[in-house]
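J.: The sequence isn't on hand, but the structure is:
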């Protein structure tokens, strides 16, 4: 009897996963999510560049302050 419930639970889980995947696919196709993703990606790239340049400037300042101490 336990095996029957196991198979029924697995079948139900597969059905729910398939329905969720179909729902995600349908919402992606109808909502036009490509545009916000592109904006987010370009914003993240530009913020990463700013962060890298700030870190580089901080390292240069640290190197200069260490050079004057020695």
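T.: Sure thing, it's come through. Because the structure is a prediction, the values reported are computed rather than measured.

J.: would you list every one of the helices in this structure?
T.: 2-31, 34-69 (DSSP state H).

J.: Adding mean pLDDT and mean neighbour count, write those out as JSON lines.
T.: The C-beta positions use only the backbone N, C-alpha and C, and glycine is treated the same way. Below are the helices of the chain laid out as JSON lines (pLDDT from 0 to 100; neighbours: other C-beta atoms under 10 Å):
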{"stretch": "helix 2-31", "mean pLDDT": "88", "mean neighbour count": "10"}
{"stretch": "helix 34-69", "mean pLDDT": "86", "mean neighbour count": "10"}
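
J.: Could you measure from residue 57 over to residue 63?
T.: Separation of residue 57 from residue 63 (C-beta to C-beta, to the nearest Å) stands at 11 Å.

J.: just residue 45 next, same as before
T.: Distance, residue 45 to residue 63, using C-beta to C-beta: 27 Å.

J.: ok, now residue 8?
T.: Computed as C-beta to C-beta, the residue 8 to residue 63 distance reads 66 Å.

J.: repeat for residue 19
T.: Counting by C-beta to C-beta, the gap from residue 19 to residue 63 is 58 Å.
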